[in-house]
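> Could you work out the structure for the sequence below:
(one chain, ligands or ions: 1)
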Amino acid sequence: MATLKDQVRAYWDAQSCGEVYAGDAGEDAALAAAAAMRYALEPYIRDFADFASGAGRDVLEIGVGMGADHAEWAKAGPRSLTGIDLTPRAIGYARRYLAAQGLTSRIQVGDAESLPFPDASFDIVYSWGVLHHSPDTPRAVREVHRVLRPGGVAKVMIYHSRSMTGYMLWLRYGLLAGKPFTRLAEIYARHLESPGTKAYSVAEARALFAPFAAVRVGVRLNHGDLLMGAVGQRHRGTLLSLAKALWPRHLIRALMPGHGLYLLIEARKAG
Ligand SMILES: C[S@@+](CC[C@H](N)C(=O)[O-])C[C@H]1O[C@@H](n2cnc3c(N)ncnc32)[C@H](O)[C@@H]1O
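Numbering: from 1, shown residues only. I've put the predicted structure just below:
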């Protein structure tokens, strides 16, 4: 029987994250279009990642996906750049996207839960929307801590449990499906993205990153919470189209900024 890790790999190997924006994703132009759409929809990624901070550093990205952020790290002029992803599909895209721009990185298939690198190898470890998909997220976070040098920084986005996205999915797959007692955790695990996807409270995220010396956690509304763009790969339909037309984005931004799907975590390893 397929393990949860096998199911996660199969899910992301069937369609990489962001492929929905690429159209014919085999073409270099389509990969560039997907990246442009990413930063148009999610401009805060650049602020959080601070790609320029990679200049002259040893940088690792975990879960490169189609390689948009990885190319930005490469452009910053790191001393070395390394990228891993669980799926050959993502690795293929990322290699192609960087090569088309004349950028270089050591990109390879790998698992966040057992990073194939010695202790204290990197100054920065970056991972956007990945570690919550891995079955043993605490183990993946311990690996991030292990491969960072003393004083090194982890910049990680994982999902936040009390989010507009979660409430909408609960409405659709809980209440409207006649299962109002379904817990949000089950909704995320079964209906957001790959099977077993997890979401955390701010306190739980702090506990996950407890091995680090200094941890900052912020919450951010994303394009899914605001029903902008293609809103994930799994969800389509008339109800969603209607909700997109009527969604009170200004009110949500003003009144519910703490109910975003993204937890932005910056954690420094003791120096
Ligand atoms: C939502 S996508 C995010 C990709 C990219 N960071 C982005 O923002 O577009 C999740 C990615 O995590 C990868 N992934 C899931 N579990 C992983 C693991 N244990 N180790 C490495 N990559 C993993 C998947 O293959 C997929 O490419």
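> all contacts plus neighbour counts: C-alpha atoms, from now on.
Fine.
> Tell me, please, the helix or strand in this structure that averages the lowest pLDDT.
helix 238-246 (a mean of 81; mean pLDDT, DSSP states H and E).
> Show me what the mean pLDDT comes to for the following helix or strand past that one.
Downstream of helix 238-246, the first helix or strand assigned by DSSP states H and E is helix 249-255. Helix 249-255 comes out with an average pLDDT of 91.
> What residues of helix 249-255 count as buried?
252-253 (16 or more other CA atoms under 10 Å).
> In PDB, list the C-alpha atoms belonging to that helix.
Below are the C-alpha coordinates for helix 249-255, written out as PDB (Å, rounded to 0.1, in the frame of the first residue of the first chain):
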ATOM      1  CA  ARG A 249     -12.100  41.700  -0.300                       C
ATOM      2  CA  HIS A 250     -11.700  45.100   1.200                       C
ATOM      3  CA  LEU A 251     -13.700  44.100   4.300                       C
ATOM      4  CA  ILE A 252     -11.600  41.000   4.700                       C
ATOM      5  CA  ARG A 253      -8.400  42.900   4.400                       C
ATOM      6  CA  ALA A 254      -9.600  45.500   6.900                       C
ATOM      7  CA  LEU A 255     -11.300  43.300   9.500                       C
END
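> list the buried ones in stretch 194-211?
Neighbour-count burial for stretch 194-211, with 16+ other CA under 10 Å as criterion, is recorded at 194-200, 202, 205-206, 208-209, 211.
> want to throw those into CSV with pLDDT?
What follows is these, written out as CSV (pLDDT from 0 to 100):
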residue, pLDDT
194, 97
195, 97
196, 98
197, 98
198, 98
199, 98
200, 98
202, 98
205, 98
206, 98
208, 98
209, 98
211, 96
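> What is the nearest of those to the ligand?
Proximity of the buried residues of stretch 194-211 to the ligand was ranked by CA to the nearest ligand atom; the top entry is residue 194 with 8.3 Å.
> next one: phi and psi at the closest one?
Dihedral angles of residue 194 (phi, psi; degrees, to the nearest 10) stand at phi -70, psi 150.
> cool, and residue 123?
According to degrees, to the nearest 10, residue 123 has phi -90, psi -30.
> Correct me if wrong: it contacts residue 153.
Yes: with contact defined as CA atoms under 8 Å, residue 123 reaches residue 153; the gap is 6.3 Å.
> Please identify which of the two sits among more neighbours.
Taking other CA atoms under 10 Å, residue 123 and residue 153 do not tie; residue 153 has more neighbours (24 against 21).
> How many residues are close by whichever residue of the stretch 151-271 of the chain sits closest to the ligand?
For the stretch 151-271 of the chain, the residue closest to the ligand is residue 193, as judged by CA to the nearest ligand atom, at 7.8 Å. Using other CA under 10 Å, residue 193 is surrounded by 19 other residues.
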